[in-house]
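Participant: Here is the input, now give the coordinates:
(chains A, B, C, D, E and F)
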Protein chains: 6
Amino acid sequence: MDDDLYEKGMKIRREVLGDAYVDRALAKSGPFNDPLQELVTTYCWGWNWGRDGLPRRDRSLINLAMIAVLNRSHELKAHIRGALNNGLTREEIGEVLLQVGIYGGIPAAVDSFRLADEAFAEIDAEAE
Amino acid sequence: MDDDLYEKGMKIRREVLGDAYVDRALAKSGPFNDPLQELVTTYCWGWNWGRDGLPRRDRSLINLAMIAVLNRSHELKAHIRGALNNGLTREEIGEVLLQVGIYGGIPAAVDSFRLADEAFAEIDAEAE
Amino acid sequence: MDDDLYEKGMKIRREVLGDAYVDRALAKSGPFNDPLQELVTTYCWGWNWGRDGLPRRDRSLINLAMIAVLNRSHELKAHIRGALNNGLTREEIGEVLLQVGIYGGIPAAVDSFRLADEAFAEIDAEAE
Amino acid sequence: MDDDLYEKGMKIRREVLGDAYVDRALAKSGPFNDPLQELVTTYCWGWNWGRDGLPRRDRSLINLAMIAVLNRSHELKAHIRGALNNGLTREEIGEVLLQVGIYGGIPAAVDSFRLADEAFAEIDAEAE
Amino acid sequence: MDDDLYEKGMKIRREVLGDAYVDRALAKSGPFNDPLQELVTTYCWGWNWGRDGLPRRDRSLINLAMIAVLNRSHELKAHIRGALNNGLTREEIGEVLLQVGIYGGIPAAVDSFRLADEAFAEIDAEAE
Amino acid sequence: MDDDLYEKGMKIRREVLGDAYVDRALAKSGPFNDPLQELVTTYCWGWNWGRDGLPRRDRSLINLAMIAVLNRSHELKAHIRGALNNGLTREEIGEVLLQVGIYGGIPAAVDSFRLADEAFAEIDAEAE
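Facilitator: Next comes the predicted model:
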């Protein structure tokens, strides 16, 4: 893979998700997970997030909606954290999740609000 | 249901999707579909789109991403039209759909680009 | 597979979906599709529909909801036909699809109502 | 939103899910979750469950099937509880989940039976 | 149901998932779960896995990919175990899950790698 | 993006899907679709299909299963064609789709067999 894109992706990934989160993911990596780390960093973060066509706040809106509908809890919590770093307020995240309820169904919204509550509580605990 | 919310929803629905599209949907309605029209207008458009917490351009970003992942072709084409009315450019819609490919999988992006091509061609034909 | 269960399944399948529909499916079958026909008839219709635990009307309610959420258009239309044969009215089918909209999201309901309209029109045309 | 529909919805929600469950959901609510509570109570419970077109037992059948297929564990357990309150037996719930296995795939049934076992054990423990 | 197919299925199920896993599933079964056990053993394992058309290693490849996309964690871990018993290496399982990331979206791959890590750690612990 | 990976991907893509199919996709491309073509060729075909860890026949098995479950008709037909080019027989493709029925639900199998019938008929017509 493209080394420049990897470096660019790692920089964006750290800015959006935070060093602590990314360091934790990398520390758990080993020979089995290394290709996944390469794929995620180069392809999601370098290629996709590194494109100029949309600001990061827009990309967070899109990801919250998609990942809530795709029903991926761990990833949703990571991207809630990223969305706050990209300038969305908690209230705006709530608005996204209400719209998830309308278009993706009420159970998707109920689950996603519970995960948002958990993510906010974890962030508040770290800040103390 | 709430009559004020229905009226508010109908106004927003027409502004976003266009009178021609909404008139066509209503013309096809009858006793069987009337409760659906009431639900869509009041709940999606009045309650959700009528909330102040996010601007319409943000709501279009969210919907394009969700509806592409949910694999609903007719609705995706309608909301591509709505996204243009809400100020997104064709290039920005393309950016959303590339991100759909990364997080929702490549087949979702390939299908969604084909539908976007069709939607743009229909809009161009109407403009001639 | 179990021959008795196949025979039992074929009888139920014909009662629910109608001879014309089943004959059409079987006529299109050949060496490639035969194992699928065996699976569908024995497993879905013989084993599942042949169980005593729920009446057929209940099984139709369940199937309409699941197949609408699973986004399988051809199968939804077949099971709308089956639901009518099992005693559900058109109005009750509409109620199921409204509930699909609340729990599975509005695009699922909009698509499913359109398919129900098509199925009803086809049935009405056959009756003329 | 419509206050009458909210009141009607809260009454039905309490009858179906039980006061203890609903009180717990409301107690956890706050400014962030209040719009979700409003949405769920007014639209799911007031508008959808409050419609006359299907009895509550039918609505429970539909919801069990949909929520199992949608893969939402917390909501499935809540609606298993609701289904019992609406007159379905444990055996009938098992029949629904077997049919989920046929039309939604075996992994959906295996997961849903495990959740039903958990829900039944919790209910039995409360009854002691 | 077909008794021969049940016996054949039980033999294959034990060979693929291991006696310990299957004994645990059966021990938890009772009147409520018995029809599910019958369904799983006869149809998945007897009918599907018992067919000659594909070797077991191929069936494991297919199942890992499907169950990862279907987002069923418990079943994915069981079939990772089965895949190893059917001759896939850990590296090959990683390759499947990378491809899941491309076609099913990155969150599906991230979740699935985490589950594979857990499954491998459990297997290693049992081997000590 | 990485030019070498693009070239490698284009070569594999043409070998798997055939020149006629790829030329048609590229001919329809333009400024709007170019980033998608770049993404698909470089990541799917260059990075994923270009990895040594699994032979192409295995990658086709995985893709047929995933894309059938993901409910993407156009892509399924393209990958049925690719699977034949990668050495799977029609009978083996049928086996994959039967297994899709067991784990992904019967409607997924019924739809996928119909699409396979269409793909085979198109291929036979081209061969005449």
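Participant: what residues go with each domain of chain A?
Facilitator: Chain A breaks down by automatic domain parsing into domains covering A:1-53, A:54-128.
Participant: Comparing those by mean pLDDT, which bottoms out?
Facilitator: Of all these, the minimum mean pLDDT falls on domain A:1-53 (a mean of 93).
Participant: So that one, near chain B or not?
Facilitator: Yes - Domain A:1-53 is in contact with chain B by Cβ under 8 Å from any Cβ of the partner chain, via A:43-44, A:47-48, A:51, A:53. C-beta: built from backbone N, CA, C; applies to glycine.
Participant: still on that earlier bit, highest mean neighbour count out of the domains of chain A?
Facilitator: domain A:54-128 (a mean of 21; mean count of other Cβ atoms under 10 Å in any protein chain shown).
Participant: which SSE is the residue positioned nearest the centre of chain A in?
Facilitator: Central residue of chain A (Cα atoms, centre = their mean): A:His79, 2.2 Å from the mean position. For A:His79, the element it lies in under DSSP states H and E is helix A:73-85.
Participant: CA-only coordinates of whichever helix or strand comes after that helix, as CSV, when you get a sec.
Facilitator: Later in the chain than helix A:73-85, the nearest helix or strand by DSSP H and E is helix A:90-104. Listed next in CSV are the C-alpha coordinates belonging to helix A:90-104 (Å, rounded to 0.1, in the frame of the first residue of the first chain):
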residue,chain,number,x,y,z
ARG,A,90,-24.1,16.4,21.8
GLU,A,91,-27.4,18.0,20.9
GLU,A,92,-26.6,17.6,17.2
ILE,A,93,-25.6,14.0,17.7
GLY,A,94,-29.0,13.5,19.3
GLU,A,95,-30.6,15.0,16.2
VAL,A,96,-28.8,12.6,13.9
LEU,A,97,-30.0,9.7,16.0
LEU,A,98,-33.6,10.8,16.0
GLN,A,99,-33.4,10.9,12.2
VAL,A,100,-31.9,7.4,12.4
GLY,A,101,-35.1,6.4,14.2
ILE,A,102,-37.4,7.7,11.5
TYR,A,103,-35.5,6.3,8.5
GLY,A,104,-33.8,3.3,10.0
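Participant: Let me know the next secondary structure element after helix A:90-104.
Facilitator: helix A:106-127.
Participant: quick one: furthest residue from the center of chain A?
Facilitator: Most peripheral residue of chain A (Cα atoms, centre = their mean): A:Pro31, 24.0 Å.
Participant: Just say helix, strand or coil for that one.
Facilitator: coil (DSSP: H, G, I helix; E, B strand; the rest coil).
Participant: where does it fall, phi/psi-wise?
Facilitator: Backbone torsions for A:Pro31, taken as degrees, to the nearest 10, come to phi -50, psi -40.
Participant: can you tell me how far it sits from D:Leu98?
Facilitator: 42 Å (Cβ to Cβ, to the nearest Å).
Participant: Apart from its chain neighbours, what residue comes closest to the residue of chain A found nearest chain F?
Facilitator: Chain A approaches chain F most closely through A:Asp2 (4.0 Å), counting by Cβ to the nearest Cβ. Closest residue to A:Asp2 apart from its sequence neighbours, by Cβ to Cβ, 6 or more residues apart in numbering or on different chains: F:Asp2 at 4.0 Å.
Participant: ok, which residues in chain A are in contact with chain C?
Facilitator: Residues of chain A lying near chain C (Cβ under 8 Å from any Cβ): A:102-108.
Participant: ok, the helix holding A:His79 near chain E or not?
Facilitator: Yes - contact of helix A:73-85 with chain E (Cβ under 8 Å from any Cβ) involves A:74-75.
Participant: Contacts for that helix, please.
Facilitator: A:15-18, A:21, A:60-61, A:63-64, A:67-68, A:90, A:93, A:111-112, A:115-116, A:118-120, A:122-123, E:107, E:110-111, E:114 (Cβ atoms under 8 Å, 6 or more residues apart in numbering or on different chains).
Participant: What is the end-to-end distance of stretch A:74-93?
Facilitator: End-to-end distance for stretch A:74-93, by Cα to Cα, to the nearest Å: 16 Å.
Participant: what's the spacing between that stretch and its chain's center?
Facilitator: Centroid separation between stretch A:74-93 and its chain, computed with Cα atoms, centre = their mean, to the nearest Å, is 7 Å.
Participant: how close does A:Arg81 get to A:Ser60?
Facilitator: Per Cβ to Cβ, A:Arg81 is found 10 Å from A:Ser60.
Participant: how about the residues of chain A near chain F?
Facilitator: Chain A has residues A:1-2, A:5, A:35, A:39, A:43, A:47, A:51 near chain F, with proximity defined as Cβ under 8 Å from any Cβ.
Participant: Could you rerun that using 6 Å?
Facilitator: With Cβ under 6 Å from any Cβ of the partner chain as the criterion, chain A meets chain F at residues A:2, A:43.
Participant: Quick one: name the residues of chain A near chain E.
Facilitator: So far as Cβ under 6 Å from any Cβ goes, chain A lies against chain E at A:32-33, A:35-36, A:44, A:67, A:70-72, A:75.
Participant: Quick check: of the residues you listed, which lies closest to A:Gly9?
Facilitator: A:Cys44 (7.2 Å; Cβ to Cβ).
Participant: Is the closest one in contact with E:Gly105, as I believe?
Facilitator: No - if you go by Cβ atoms under 6 Å, A:Cys44 and E:Gly105 don't touch, sitting 10.0 Å apart.
Participant: circling back: before we move on, which element is the nearest residue to the residue nearest to the centre of chain A once chain neighbours are set aside in?
Facilitator: Distances taken as Cβ to Cβ, 6+ apart place A:Asn63 nearest to A:His79, at 4.8 Å, with adjacent residues excluded. For A:Asn63, the enclosing helix or strand under DSSP H and E is helix A:56-70.
Participant: any residues touching that helix, and which ones?
Facilitator: A:75-76, A:79, A:82-83, A:86-88, A:96, A:100, A:104, A:108, A:112, B:58, B:61-62, B:65-66, B:69, B:96, B:99, B:103-104, E:107 (Cβ atoms under 6 Å, 6 or more residues apart in numbering or on different chains).
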